[in-house]
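Colleague: Make a model of this:
(one chain, ligands or ions: 1)
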Amino acid sequence: MAVGIFDSGLGGLTVLNAAQARLPDVNFLYYGDNARAPYGVRDAEDVYQLTKAAVESMWDKGCDLVILACNTASAAALRRMQEGGLPKGKRVLGVFVPLIEALTERQWGDNSPPREVAVQHVALFATPATVASRAFQRELAFRAIGVDVEAQSCGGVVDAIEDGDLILAEALVRSHVDALKRKMPHPEAAILGCTHYPLMEQTFQEALGPDVQVFSQGNLVAESLADYLQRHPDMYGAGEGGYFTTGDPSRVSDRATQFLRREMTFQAA
Ligand code: DGL
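Modeller: Predicted coordinates for the structure are as follows:
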């Protein structure tokens, strides 16, 4: 059995790590399209085609359920893949909804009309493609009213993380937080709307200050996955899982080991 976790590169490891801690008996198949990262500077059609090809290869490796642990792919490909019809017994889920449910303090599957919520000023940090898609704002509008979202497109951060240049990533995060604060001086909450960004969560929190509640997706997605699998015990898939990359396996293994602080061995996808 293996549940699939997909990202353009290393960011989905933040979701994998939380999912493995929450569901220690489940095998996971991780697929990072590192050779083609970053996705966040590509157009929606390109992201859709790349995501679809990767997910199909994960289905071929035995996964029935694939989590798009990539906001850029979730924004550009999830709805289109679902509406286009999935092969029998296959499912693909994204990472927006668990986060928005947490932000709006909703239980899973609460489909009641949108209502006022505690937070009113929310900073969204995401890739250029996710910001351009307005997918977060759309999902939020289904659940909450009166929330002012200021989006900051964080160019360069994913590239720096993929290159292992954390000094550059840190400098870029600080400058993107400054830019956001010029537009929204006092956000109550900040959403890390790219799965790479939790790798820099401490820098975001420091730059935003202690009064801002930072939401990241790892634990929220892991919890929602646990709930989903309990309700759909037929979705564990086949095969043993493993860690796959379209990039250089030894380079990706080194970076992943550095980020998760445990041995991670990738093989060619
Ligand atoms: N981790 C991806 C996301 O959540 C990064 C996208 C990219 O490759 O730019 O959006």
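Colleague: in the stretch 51-200 of the chain, which spans are helices?
Modeller: Under the criterion DSSP state H, counting those that start in this stretch, the stretch 51-200 of the chain carries helices at the ranges 71-73, 79-83, 96-103, 128-133, 135-141, 157-162, 166-183.
Colleague: now, of those helices, which is deepest in the fold?
Modeller: Burial among those, expressed as mean neighbours by mean count of other C-beta atoms under 10 Å, is greatest for helix 71-73, which shows a mean of 34. In short, each C-beta sits where N, CA and C put it, glycine included.
Colleague: Tell me the helices and strands packed up against that helix.
Modeller: In this structure, helix 71-73 makes packing contacts with helix 44-60, helix 128-133, judged by 3 or more C-beta pairs under 8 Å, 6 or more residues apart in numbering; DSSP states H and E.
Colleague: on that earlier part again, so can I have a markdown table of the helices of the stretch 51-200 of the chain showing mean pLDDT and distance to the ligand?
Modeller: As requested, the helices of the stretch 51-200 of the chain are exported to a markdown table (pLDDT from 0 to 100; distance: least, C-beta to the nearest ligand atom, whole Å):
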| stretch | mean pLDDT | distance to the ligand |
| --- | --- | --- |
| helix 71-73 | 97 | 4 |
| helix 79-83 | 94 | 16 |
| helix 96-103 | 90 | 10 |
| helix 128-133 | 96 | 6 |
| helix 135-141 | 93 | 11 |
| helix 157-162 | 96 | 4 |
| helix 166-183 | 98 | 13 |
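Colleague: hang on, the earlier thing: of all the helices and strands packed on helix 71-73, which one is nearest residue 268?
Modeller: Between residue 268 and the helices and strands packed on helix 71-73, the shortest separation by C-beta to C-beta is 11.7 Å, and it involves helix 44-60.
Colleague: interface residues of this structure facing the ligand?
Modeller: With the criterion set to C-beta under 6 Å from any ligand atom, the chain comes near the ligand through 7-9, 11, 37-40, 70-72, 127, 130, 158, 194-196.
Colleague: Residue 192 - nearest residue in space that isn't next to it in sequence?
Modeller: Leaving aside its sequence neighbours, residue 192 sits nearest to residue 216 (C-beta to C-beta, 6 or more residues apart in numbering; 4.3 Å).
Colleague: ok, that neighbour - how many residues close by?
Modeller: 22 (other C-beta atoms under 10 Å).
Colleague: pretty sure it contacts residue 11?
Modeller: No: judged on C-beta atoms under 8 Å, residue 216 makes no contact with residue 11 at a distance of 10.7 Å.
Colleague: which residues do the two both contact?
Modeller: The overlap between the contact sets of residue 216 and residue 11 (C-beta atoms under 8 Å, 6 or more residues apart in numbering) consists of 197, 198.
Colleague: how many neighbours does the residue nearest to residue 186 when sequence neighbours are not counted have?
Modeller: For residue 186, the nearest residue in space outside its immediate sequence neighbours is residue 121; the separation is 6.4 Å by C-beta to C-beta, 6+ apart. Close neighbours of residue 121, defined as other C-beta under 10 Å, add up to 16.
Colleague: So residue 121 is in contact with residue 183, correct?
Modeller: No: using C-beta under 8 Å, residue 121 and residue 183 do not qualify as a contacting pair, with a distance of 10.7 Å.
Colleague: shared neighbours of those two, which are they?
Modeller: With C-beta under 8 Å, 6+ apart applied, the overlap between the contact sets of residue 121 and residue 183 consists of residue 150.
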